[in-house]
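S.K.: fold the following, please.
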Amino acid sequence: MPRIETHFALQGENAAANRAHMTALLAQVKDCEARTRQKSESARERFAKRQQLLPRERLGLLLDPGAPFLELSTLAGLGLDHPDLAKSVPGGGIIAGIGFVSGVRCLVMANDSGIDAGALQPMGLDKLLRAQEVALENRLPYVQLVESAGANLMAYRVEDFIRGGSTFRNLARLSAAGLPVVTVTHGSSTAGGAYQTGLSDYIVMVRDRSRAFLAGPPLLKAATGEIATEEELGGAVMHTHVSGLGDYLAEDDRDALRIAREIVAHLPWPRAGLQAPTTFTPPQHDAEDLLALMPRDPKQPVDMREVIARLVDGDSWLEFSPHYGPATVCGHALIEGEPVGIVTNNGPIDSAGANKATHFIQACCQSRTPIVYLQNTTGYMVGRLHEEAGIIKHGSKMIQAVTNASVPQITIHCGASFGAGNYGMCGRGFAPRFAFSWPNARTAVMGGEQAAGTMRMVTEAAMRRKGEVDQAKLDALERQIIDRFEQQMSVFTTSARLLDDGVIDPRDTRAVLAFVLATCREAQAHVPQPMQFSVARP
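M.R.: A predicted model of the protein is given here:
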């Protein structure tokens with residue numbers, strides 16, 4: 001295939017400014033993630049006294065050494081627990097991601113019990129539900145490390161209690177779909193949370209540490225007058241010897257994780273890498289350039305072919321219909337040997353671009369080729385000529401194709417994602433298999449200046465009808481709307497609300513895409529034998 005030539009001045013002043021801007025945003029993301037790790041690490045002394053491992057230490061022993069682990073939704077809840085982002089601790093009280101256990105690609109979830117005893121934090125429920133959705137959609141065994149104080153009663157909301165039932169429903173759905181649920185109960189699993197343990201196919205409990213009961217000693221005494229210790233009521237020995245809730249009795253955290261790895265090792269499950277492409281050519285240009293390519297201002301143009309050249313295997317890019325609807329770029333490529341179709345934007349989407357994208361998406365479905373959307377658009381074209389050309393009709397066809405595509409769709413928010421362009425380019429509302437954002441990405445119904453200008457004209461017209469136009473008030477209104485939109489469209493707002501699966505370093509995009517594409521391929525190749533019911537406890 002012809003080489004994608006770079007025309008961007010990588011050593012120019014503009015590139016240097018772009019690189020500095022992206023680097024600063026990346027540092028801000030890393031700082032937020034580090035704050036969560038530090039908060040959990042601060043519990044080390046307390047855990048050591050109980051002869052327990054910290055949650056991330058448990059993960060380290062569970063996962064295969066040296067194998068990749070794709071952590072999801074690290075910024076969940078950012079700013080929702082504290083209005084000052086510099087003091088907020090994101091993550092939702094949960095660590096979740098896709099990794100390898102005894103060679104098997106699994107969805108792994110761990111309660112971050114180093115933070116508030118593992119109680120769910122803001123967006124923690126949504127993060128847990130998303131993790132279970134990823135496991136179901138990608139046919140992954142589900143391994144959970146449980147130690148949780150349950151719901152945060154100080155922030156109790158009845159809607160969270162009702163929706164929380166979906167987490168237990170999903171555990172039953174995973175089991176019934178033939179996707180094993182393996183649980184290590186490291187500590188407390190009480191009240192409704194006891195079903196997090198109970199709805200598992202394989203349960204490992206830790207001597208003197210695991211606790212599972214519907215009502216703890218204080219509530220039991222208040223409700224019935226009965227007096228019992230925690231160990232008598234729901235300890236590991238009782239559940240593995242008497243109730244039958246536990247299947248394996250471990251001596252400590254390390255022993256429990258060893259048993260969990262052995263359980264997964266004995267599953268008749270395809271090991272990672274089966275039928276994976278073995279050789280591929282690296283990209284034509286250095287991934288480091290991605291820090292400088294994306295402009296600080298989303299209104300500034302960028303040729304997304306420059307991005308593509310740093311993501312796909314060298315010489316594998318075959319552009320589809322390049323001269324028709326040229327602002328919409330479509331083409332076939334390989335990413336670490338995995339075939340993909342790519343759809344991206346070099347400006348707004350016009351009727352020709354929408355038609356081309358629709359055709360291309362349907363062709364990818366015909367050939368069973370996954371689609372990667374590199375979002376960078378201010379939306380669909382507006383104006384009389386475009387309305388006459390049928391932009392609504394053609395845009396609707398594109399949205400129909402995205403909605404009903406029969407292949408995995410993966411979205412990367414690289415730049416602007418405004419208006420219905422977010423929909424047509426498979427934004428979160430259209431359920432892409434995975435969605436990730438670069439730190440500079442912006443998502444909104446429209447740009448802040450356009451929104452402010454629109455509201456200014458509407459408000460000024462209302463003032464004129466009353467015979468009084470206050471320019472100072474109009475200026476203040478305009479500034480207020482711009483500030484609100486700027487804050488709302490930032491990844492530090494959108495990712496906090498799980499409108500993506502995480503913010504990634506642009507330089508890691510190729511590796512992340514290769515990882516999730518392999519996940520999708522394995523899911524397609526391996527169809528577990530579904531059961532009429534989930535596995536039931538004896």
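S.K.: pLDDT weak spots in the stretch 351-500 of the chain?
M.R.: For the stretch 351-500 of the chain, no stretch is flagged by pLDDT under 70.
S.K.: helices of that one, residue ranges please.
M.R.: 351-367, 384-388, 391-404, 421-424, 448-466, 471-489, 491-494 (DSSP state H, counting those that start in this stretch).
S.K.: so which of those is the most surrounded?
M.R.: helix 421-424 (a mean of 24; mean count of other CB atoms under 10 Å). All C-beta spots, glycine's among them, are computed from the backbone N, C-alpha and C.
S.K.: just the C-alphas of stretch 455-465, formatted as PDB.
M.R.: The C-alpha trace of stretch 455-465 is given here as PDB (Å, rounded to 0.1, in the frame of the first residue of the first chain):
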ATOM      1  CA  MET A 455     -28.400  32.000  24.000                       C
ATOM      2  CA  ARG A 456     -27.200  35.600  23.800                       C
ATOM      3  CA  MET A 457     -29.300  36.200  20.600                       C
ATOM      4  CA  VAL A 458     -32.400  34.600  22.200                       C
ATOM      5  CA  THR A 459     -32.000  36.600  25.400                       C
ATOM      6  CA  GLU A 460     -31.300  39.800  23.600                       C
ATOM      7  CA  ALA A 461     -34.500  39.300  21.500                       C
ATOM      8  CA  ALA A 462     -36.500  38.800  24.700                       C
ATOM      9  CA  MET A 463     -35.000  42.000  26.100                       C
ATOM     10  CA  ARG A 464     -35.900  44.000  23.000                       C
ATOM     11  CA  ARG A 465     -39.500  42.900  23.200                       C
END
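S.K.: name the helix or strand for Pro339, please.
M.R.: strand 338-345 (DSSP states H and E).
S.K.: C-alpha coordinates for that strand, PDB please?
M.R.: Backbone C-alpha positions of strand 338-345 (Å, rounded to 0.1, in the frame of the first residue of the first chain) are rendered in PDB as follows:
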ATOM      1  CA  GLU A 338      -5.700  -7.500  13.400                       C
ATOM      2  CA  PRO A 339      -7.900  -6.300  10.500                       C
ATOM      3  CA  VAL A 340      -9.900  -3.200  11.200                       C
ATOM      4  CA  GLY A 341     -12.000  -0.600   9.400                       C
ATOM      5  CA  ILE A 342     -11.300   3.000  10.400                       C
ATOM      6  CA  VAL A 343     -13.800   5.900  10.300                       C
ATOM      7  CA  THR A 344     -12.600   9.400  11.200                       C
ATOM      8  CA  ASN A 345     -13.100  13.000  10.300                       C
END
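S.K.: note down every partner strand of it and its orientation.
M.R.: Strand pairing for strand 338-345, determined by DSSP bridges: strand 328-335 (antiparallel), strand 371-377 (parallel).
S.K.: hmm, who's touching the first one?
M.R.: By CB atoms under 8 Å, 6 or more residues apart in numbering, the residues outside strand 328-335 that reach it are 277, 280, 304-305, 308, 311-313, 316-322, 339-346, 349-350, 352-354, 356-357, 360, 369, 372, 510, 513-514, 517.
S.K.: the stretch 101-250 of the chain: strands as residue ranges?
M.R.: Applying DSSP state E, counting those that start in this stretch to the stretch 101-250 of the chain gives strands spanning 104-111, 142-146, 181-185, 188-190, 202-206, 211-213, 248-250.
S.K.: thinking again about what came up before, of the strands paired with strand 338-345, which stretch is the most buried?
M.R.: strand 371-377 (a mean of 27).
S.K.: chain center to it: distance?
M.R.: Chain-centre distance of strand 371-377: 16 Å, with CA atoms, centre = their mean, to the nearest Å.
S.K.: and what of stretch 435-452?
M.R.: 18 Å.
S.K.: going by neighbour count, list what's buried in that stretch.
M.R.: 435-444, 446-448, 450-452 (16 or more other CB atoms under 10 Å).
S.K.: what's the most distant pair in these?
M.R.: By the measure CB to CB, Phe436 and Ala452 form the most distant pair in the buried residues of stretch 435-452, at 29.4 Å.
S.K.: hmm, back to that, export the strands paired with strand 338-345 as CSV, with columns for distance to Ser243.
M.R.: Conversion of the strands paired with strand 338-345 to CSV gives the following (distance: least, CB to CB, whole Å):
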stretch, distance to Ser243
strand 328-335, 49
strand 371-377, 49
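S.K.: out of those, nearest to Arg521?
M.R.: strand 328-335 (11.5 Å).
S.K.: count the neighbours of the closest residue to Met304 other than its chain neighbours for me.
M.R.: The shortest distance from Met304 to any non-neighbouring residue, by CB to CB, 6 or more residues apart in numbering, is to Thr344 (4.2 Å). For Thr344, the neighbour count with other CB atoms under 10 Å is 24.
S.K.: much appreciated, bye for now.
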